[in-house]
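In: here's my sequence, what's the structure:
(one chain, ligands or ions: 1)
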Amino acid sequence: MRRVFVAGNWKMNLSRDETRKLVEGLRDEVGDEDRLDLAVAPPFVYLAEAVAAADGSNITVAAQNVYFEEKGAYTGEISPGMLLDVGCTYGIVGHSERRHVIGETDELIARKVKAALDAGLKVILCVGELLGEREAGSTNDVVRTQVVKGLFDLPAEAMADVVIAYEPVWAIGTGVTAEPEDANEVHAFIRALLAEKFGRRVADDMTIQYGGSVKADNAAELMAQTDVDGALVGGASLKVDSFVGIIRNTIEAKGLG
Ligand code: PGA
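Out: Okay, here's the model as predicted:
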């Protein structure tokens, strides 16, 4: 069964106190929600705070990054086992800021995806094209490479713990979203790729989130698309009202109400 999934990627924002307050605020509004899956992704140092504040609710916690080794001399890195140990459910891998600001490659990302899944951490794999790539008409090629390199060495069974977030890089933090139909076209393309490799049933069950300037007032249109199964939200996930607005509009657009 394909699940609708809305996750908030806080990036490098908020304090410990603000983390607790935001999770408590979300919990009051949507903590019992079971019609869709929900997650917040605070910075590493606030993960435990978020897990404690979400305890007993349906809000899960995601890390924004994960390393591919379990332990050892990797100064500054955090392993999948450590994330599970503090109560995380998901690790975001391959976010465009990690690909394009930090310089992560598809090869590195694939190792992270595999290590996270092997340890029992679910993965949100981010893919998406740069503006120049879209303008050059190579969106599908870019996304295909990212999906193939990120996932195609894994067995079909592993896909039960994988969510894909399609995030056109030019739409992230810019206030510009993809046209809903254009987003859906890429989502459908990704699902077709997954079906070719892992089988139609596996692909149909997979959740493909859209990300890039999702707000409460554009969520309904985007979420009404058949292959858009939720959202990975940056800026608008930093306040209770705007994030809850997205969640509510998603529930409505998806007919979950
Ligand atoms: P944005 O970020 O919603 O602020 O555009 C989305 C993301 O980077 O996941």
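
In: near the ligand, which residues of this protein are found?
Out: By C-beta under 6 Å from any ligand atom, the residues of the chain that approach the ligand are 9, 167, 172-173, 211-214, 232-236. For glycine as for every other residue, the C-beta is placed from the backbone atoms N, C-alpha and C.

In: how about the nearest residue to whichever residue of the stretch 151-257 of the chain sits closest to the ligand, chain neighbours excluded?
Out: Relative to the ligand, the nearest point of the stretch 151-257 of the chain is residue 234 (2.2 Å; C-beta to the nearest ligand atom). Excluding its sequence neighbours, the residue lying closest to residue 234 (C-beta to C-beta, 6 or more residues apart in numbering) is residue 9, at 5.2 Å.

In: list the contacts of the one you found.
Out: By C-beta atoms under 8 Å, 6 or more residues apart in numbering, residue 9 lies in contact with 41, 62, 64, 92, 95, 211, 232-234, 237.

In: beta partners for it?
Out: residue 41 (DSSP bridges).

In: roughly how far apart are it and residue 80?
Out: 18 Å (C-beta to C-beta, to the nearest Å).

In: return the closest of the residues of the chain next to the ligand with respect to residue 183.
Out: residue 212 (8.4 Å; C-beta to C-beta).

In: quick one, what contacts the closest one?
Out: Listed by C-beta under 8 Å, 6+ apart, the contact set of residue 212 reads 128, 167-172, 174, 176-178.

In: likewise for residue 74?
Out: Residue 74 touches residue 67, counting by C-beta under 8 Å, 6+ apart.

In: doesn't it belong to a helix?
Out: No: judged by DSSP: H, G, I helix; E, B strand; the rest coil, residue 74 forms no part of a helix; its state is coil.

In: low-scoring stretches of the protein, by residue?
Out: By pLDDT under 70, the chain has no low-scoring segment.

In: got the phi/psi numbers for the spatially most central residue of it?
Out: Residue closest to the average C-alpha location in the chain (C-alpha atoms, centre = their mean): residue 124, at 4.4 Å. Torsion angles at residue 124 (phi, psi; degrees, to the nearest 10) stand at phi -110, psi 110.

In: ok, what's across the strand from it?
Out: What pairs with residue 124, by the bridge criterion (DSSP bridges), is residue 92, residue 163.

In: the protein: strands as residue ranges?
Out: Along the chain, the segments classed as strands by DSSP state E run 5-9, 37-41, 59-63, 90-93, 122-127, 162-166, 208-211, 230-233.

In: among those strands, show me which one is buried the most.
Out: Using mean count of other C-beta atoms under 10 Å, the stretch among the strands of the chain with the greatest mean number of neighbours is strand 230-233 (a mean of 29).

In: for that one, enumerate the helices and strands it packs against.
Out: strand 5-9, strand 208-211, helix 216-223, helix 240-253 (3 or more C-beta pairs under 8 Å, 6 or more residues apart in numbering; DSSP states H and E).

In: between strand 5-9 and the last one, find me the angle.
Out: Using axes from the mean of the first three to the mean of the last three C-alpha atoms, to 10 degrees, the inter-axis angle of helix 240-253 relative to strand 5-9 is 160 degrees.

In: going forward can the numbers begin at 539, since that is how I track them
Out: With the count now opening at 539, the last piece we talked about shows up as helix 778-791.

In: can you list contacts of helix 778-791?
Out: The contact list for helix 778-791, computed with C-beta under 8 Å, 6+ apart, reads 542, 544, 546, 560, 563-564, 567-568, 571, 573-574, 576, 752-755, 757-762, 768-769, 771, 774-775, 794-795.

In: if you set the cut-off to 6 Å instead, what comes out?
Out: With C-beta atoms under 6 Å, 6 or more residues apart in numbering as the test, helix 778-791 has contacts from 544, 546, 563-564, 567-568, 573, 754, 757-758, 761-762, 771, 774-775, 795.
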